[in-house]
Each structure stands twice: as structure tokens, then as C-alpha cells.
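Visitor: Structure for this input, please:
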Amino acid sequence: MDAAEFRKRGKEMVDYVADYLEKIEKRQVFPDVEPGYLRPLVADSAPQDPESFEDVFKDIEKIIMPGAASPACTELETVMLDWLGKMVNLPKEFLAEKDGQGGGVIQGSASEATLIALLAARTKIIRQVQSEKPELTEAEIMGTLVAYASDQAHSSVERAALIGAVKIKSVPSDDTFSVCGSALKKVLDEDKAAGLIPFFFCATLGTTSCCSFDKLLELGPICNKENIWMHIDAAYAGSAFICPEFRHLLNGVEFADSFNFNPHKWLLVNFDCSAMWVKKRSDLIGAFKLEPLYLQHHHQESGLVTDYRHWQIPLGRRFRSLKLWFVLRMYGVRGLQEHIRKHIRLSHQFEHLVLQDERFEICAEVVLGLVCFRLKGSNELNEALLKSINDAKKIHLVPCHLREKFVLRFAVCSRTVESTHIKFAWQHISQLATDLLKTWEHNHHQQ
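Guide: Below is the predicted model of the structure:
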């Protein structure tokens, strides 16, 4: 959609809202529809090719309005998470479909999804231990629980453990910044020997610092055997799994209990829209279900009736699946795949430019849209380069530490980015490096 069409559609939307409000008294206050009404009205998977805005918009009156805010808001979300789950080829157990045990939910952010998974895992293990050892109090059990994540995991995982009041330990990553099975097993064995109860492991696909991938095929079987909830955080990288050539990065998801990625990061959906799936919805509901009279309805939670307040921290929620529905239909799976592929092509273009300049080095394998690079030399030199780049305000880079190295991160993110922008960014960085090295050598010779 170009700017001209966007203006036109925006005005139509304002008219639609104004007409709706003007004639609101003619609408029924409570919907007539039966539970499960929406699924038969929409396709069972996302379209491959883009649809027109008119066609998508017509469906608002036809499909959404008869179900008003609820159940339409809930039912569209359930179906959209099935669409998205099929796009990344998730195992069937994670889909709600008509009568599945699993299903998806939209959270605000990946931090929230990790916390929800950790709290559900915590409740589950406490109940299991209490059934075996009824003499133990909840507080005594809590004191022995341990969660785990890579030393490369996002800080939000540690924060989830902080909020969940459980210990968390870092598992050392290998020289590719990934956690492998033997590293996890070593930590688990030590902790079990010390009388602790390992209960939760957060595997990262696409770490924040360098986009490395934990080895799910090794980690999954260990977690399953040891009765540890495995949650997968693929916040950024998950969107790429809609492309068959990157789907292998998700192999091993079949061992997980929950999985999360953010369409708002790389799938052209505006913030906030963090997609989370669980294999057993009963695990979430078991952890968060409270039933005061004012929230009781006639339908029990089943494949047809989902009550998302038991799947999340807040009670209220927005109609976030609507924008997901629009994006999936307006772009089609092919359009979204092309968007991802283009960004990855551009990051490899940048990598290629870096490799042609012998002053620089690449610091981690370039898999998706992130390039980790630096000047060969000291951390101080690279800190100075980053400062000159960010002070110039033409492009903005965020750094990270990879072991002892200070590293610059070039992330391809914008919807409108083109090859010319990559060339411009590299010329700019290259020139600033040249200027810096001159003054740097001069200053260091004088000392």
C-alpha cells in the first residue's frame, strides 16, 4: 500500500467509525452467534498471495461485527494463531484447531510470554512435588526450584525468574554462542546432586547479541527426560521460519512445552503482537484460573470456548488479532517471505562489504538480518568507532559484548530498506573508520 492509497483508506476508515457511532443504537447489544461461529467463516490457513484491501475490509461487517467484541475478538485470535503456527510449520500439538489440547495466544511482548511460561511451569512442578511429598510446604519447594537459560539469553529471562521468585542459573554457551546438550546436562547433574529441583529451561533461537541458536535437538530430549518445561524464545528469529529454507532452525520444537516469537519484530505487524503457543492449554489455565461470579460464563473452557484471561497476566485485552489478520491477508505468505528474504540478502550484502575491508572482522555467523562486526584492534578503538557513528546520527548501531570483545551490531530492520541504504551505511562507516584510525595512530604515536 503506497502513501496515496493509505490516505484514501485512512479517510474511509474514519467514515466507517463515524457511521458506526452515529448508528450504534440500531445495533444489537449482545451477539446472537454460537461459540465457534467464526472458524467456519474464514479459511483454515493464511492465503499464499495478497488480497485486496476491499475484500479484507468487507469481512469486518460480515465476520467480525456479528460477533461484536466478544466472542469475535477471542475466536479470531485462536484462528490467527493457528494460521501463524501453520506458517512456521509448528507440530500439530501446538494448534487449537477444533478440539486440540494446545493453542496460541497474543501477548504484549516476549518478556511476558517467558514469564507466563515460567509461572505455569512453577505451578505445575509445585503440584507434582506436593502430590509425592505432601509434608513439604509451597515455600519449601519454591526454595529448591531452579530455572535455566543460556549465558546469551535476553535479560528478560532473568527478570522472569526474579518476578517468579525462583533461582535462575546461566548455562555456558559454546564457541558459536549456542547452548548444547552436554552443557545443560552438566549444570543439571550438579544441581540435582545438591538437592535442587530443575524445572524450567528457556532455549533461545536468535540471541539478542549475535543471533545464535541453542541446539534444540540436544536440549529437548534432556528436558523431556528430566521433567523440565522447555520454553523457546525466538522473539526476533521466529518470523524467518515462515521461509522453508530457514525452518530447520526450529527443528526440535517438538520437544518444547511452549514457543514464542514476535510478529511485531519482523513480520510487519505493528507493536504489540507477541505470539505464544502451548502444547497443553490446561497447564496455563491451571496456573492462572480464578472464577469470581462476575466473570463466570455458561461455557466451560473447551476447544470451542477459549477464555484468554487464564492465558495471560492482565484480565482485559485488546483486539490484537485484527491487525494480524489484515497483515497476513494484505501481504499473503509469499509477500511476507519475500520481505524476510530481502532483509537477509541485504545483511549478507553488508557482510560481504565488511569482509572486503581487511581492517574489519566478522564476529559471529551471519544467519538472518544481523551482522556482528568490528575493527581489528582494541575494544577502546571499537568504542570510539561506535561513538563516532552514533554521534553523526546518519545511522544508529547498538553494540554487544561477545566474550571479551566489544562488537558492533548492524541490524537490517526497516520495511523500506534497499540495497542503496546498505551501501550508504557501509561507505559512512568505512569513512569514519578511516578518519578515526588516522587520529588514533597519531595520538598513540605521540604517547
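Visitor: and the nearest residue to A120 once chain neighbours are set aside, what does it touch?
Guide: In this structure, A120 finds its nearest non-sequential neighbour in A287, 4.3 Å apart by C-beta to C-beta, 6 or more residues apart in numbering. C-beta here means a position set from N, CA and C on the backbone, and glycine is covered the same way. With contacts defined as C-beta atoms under 8 Å, 6 or more residues apart in numbering, A287 is in contact with L119, A120, R122, T123, K124.
Visitor: Any of the residues you listed buried? List them.
Guide: The neighbour count (16 or more other C-beta atoms under 10 Å) marks L119, A120, R122, T123, K124 as buried among the contacts of A287.
Visitor: Which members of the residues you listed occur in helices, if any?
Guide: Judged by DSSP state H, helices contain the following of the buried ones among the contacts of A287: L119, A120, R122, T123, K124.
Visitor: is it true that the second one touches D283?
Guide: Yes. Look at A120 against D283 with C-beta atoms under 8 Å: they come within range, at 4.9 Å.
Visitor: Next secondary structure after the helix-or-strand element of the chain with minimal mean pLDDT?
Guide: Within the chain, no helix or strand scores below helix 281-288, which has a mean of 87 by mean pLDDT, DSSP states H and E. Moving toward the C-terminus from helix 281-288, the first helix or strand encountered (DSSP states H and E) is helix 321-355.
Visitor: domain ranges for this protein?
Guide: Listed domain ranges for the chain are 76-329, 333-446 (source: automatic domain parsing).
Visitor: What ranges does this structure have for its helices?
Guide: Using DSSP H, helices in the chain cover 3-22, 53-59, 72-87, 110-132, 138-142, 155-163, 181-193, 216-225, 263-266, 281-288, 321-355, 379-392, 419-446.
Visitor: helices or strands up against the third one?
Guide: Contacts defined by 3 or more C-beta pairs under 8 Å, 6 or more residues apart in numbering; DSSP states H and E place helix 72-87 against strand 103-107, strand 274-278, helix 321-355.
Visitor: what sits against L118?
Guide: Neighbouring residues of L118 by C-beta under 8 Å, 6+ apart: A147, A160, A161, G164, V166, F200, C202, W229, H231.
Visitor: follow-up on the earlier one: tell me which two in the buried ones among the contacts of A287 are the farthest apart.
Guide: The most widely separated members of the buried ones among the contacts of A287, counting by C-beta to C-beta, are L119 and K124 (9.7 Å).
Visitor: Flag the shaky bits of the stretch 151-300 of the chain, pLDDT-wise.
Guide: Scanning the stretch 151-300 of the chain for pLDDT under 70 picks out the ranges 291, 293-300.
Visitor: let's see 90
Guide: Applying pLDDT under 90 to the stretch 151-300 of the chain flags residues 285-300.
Visitor: Which single one of the contacts of A287 is nearest to W311?
Guide: Lowest distance from W311 to those (C-beta to C-beta) belongs to A120, with 9.3 Å.
Visitor: From Q152, how far out is H401?
Guide: 10 Å (C-beta to C-beta, to the nearest Å).
Visitor: neighbour-wise, which of the two wins?
Guide: Higher neighbour count among H401 and Q152: Q152, with 22 against 10, using other C-beta atoms under 10 Å.
Visitor: surely that one meets L205?
Guide: No. Counting by C-beta under 8 Å, Q152 does not reach L205; the two are 11.3 Å apart.
Visitor: Quick check: nearest residue in space to N379, chain neighbours excluded?
Guide: Sequence neighbours aside, F406 is the residue nearest to N379 in space, at 3.9 Å (criterion: C-beta to C-beta, 6+ apart).
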